[in-house]
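Q: Let me see the structure of the following:
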Amino acid sequence: MLSLIPSQANPALFCLAGALAYDTAKSSVQLGQQALKGEQAAVVFDCQSVTRIDTAGIAVLLAWLRYAKAQQCALSFQHLPNQAQALLKSSGLIALIPLA
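A: Numbers count the residues shown, from 1 in each chain. The predicted structure follows:
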């Protein structure tokens, strides 16, 4: 299960914790969309505590980016796990993921 925890110090920063994978994809998309409904012009998702990410997790990142764009919000990711970066590079999608 994925958790998305808002930072108390920075309302535009959310810390992700847990698995971002096939079995959590649907709930993760909804969780991220809730965080992106705020009034922030830019949001950062910190992935330092993401324990596992697979190709479905990559699809979740892309779904969040599409939703953020529709909300006119600039979404970026920091501390993306090496596993995620490898998947993004091998699929040719690394350029689509803004890193903070």
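Q: middle-most residue in this protein, spatially?
A: For the chain, the residue nearest the mean C-alpha position is Leu61 (4.7 Å; C-alpha atoms, centre = their mean).
Q: Moving along the chain from the helix or strand hosting it, name the first helix or strand you hit.
A: Taking DSSP states H and E as the criterion, Leu61 maps to helix 55-70. Note on helix 55-70: by DSSP H and E, the next helix or strand toward the C-terminus is strand 74-78.
Q: Identify each buried residue in that following strand, please.
A: 75, 77 (16 or more other C-beta atoms under 10 Å). The C-beta positions use only the backbone N, C-alpha and C, and glycine is treated the same way.
Q: and if you look at stretch 40-59?
A: Buried residues in stretch 40-59, counted by 16+ other C-beta under 10 Å: 40, 43-47, 50, 53-54, 57-59.
Q: could you say what helices and strands the helix holding Leu61 packs with?
A: strand 13-20, helix 25-35, strand 42-53, strand 74-78, helix 82-91 (3 or more C-beta pairs under 8 Å, 6 or more residues apart in numbering; DSSP states H and E).
Q: mind checking how far stretch 70-88 is from the chain centre?
A: 5 Å (C-alpha atoms, centre = their mean, to the nearest Å).
Q: That one - what's its average pLDDT?
A: For stretch 70-88, mean pLDDT is 94.
Q: Kindly format the C-alpha coordinates of it as PDB.
A: Extracted as PDB, the C-alpha positions of stretch 70-88 are listed here (Å, rounded to 0.1, in the frame of the first residue of the first chain):
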ATOM      1  CA  ALA A  70      -5.100  19.300 -16.400                       C
ATOM      2  CA  GLN A  71      -5.100  21.100 -13.000                       C
ATOM      3  CA  GLN A  72      -2.500  23.600 -14.300                       C
ATOM      4  CA  CYS A  73       0.000  22.300 -11.700                       C
ATOM      5  CA  ALA A  74       3.700  21.600 -12.300                       C
ATOM      6  CA  LEU A  75       4.400  18.200 -10.800                       C
ATOM      7  CA  SER A  76       8.000  17.000 -10.200                       C
ATOM      8  CA  PHE A  77       9.500  14.100  -8.400                       C
ATOM      9  CA  GLN A  78      12.600  13.900  -6.200                       C
ATOM     10  CA  HIS A  79      14.600  10.900  -4.900                       C
ATOM     11  CA  LEU A  80      13.100   8.600  -7.500                       C
ATOM     12  CA  PRO A  81      14.400   5.100  -6.800                       C
ATOM     13  CA  ASN A  82      17.100   3.600  -9.000                       C
ATOM     14  CA  GLN A  83      14.700   0.900 -10.000                       C
ATOM     15  CA  ALA A  84      12.300   3.500 -11.300                       C
ATOM     16  CA  GLN A  85      15.000   5.400 -13.100                       C
ATOM     17  CA  ALA A  86      16.200   2.200 -14.800                       C
ATOM     18  CA  LEU A  87      12.600   1.300 -15.900                       C
ATOM     19  CA  LEU A  88      12.100   4.900 -17.300                       C
END
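Q: Since that was my last question, I'll sign off now.
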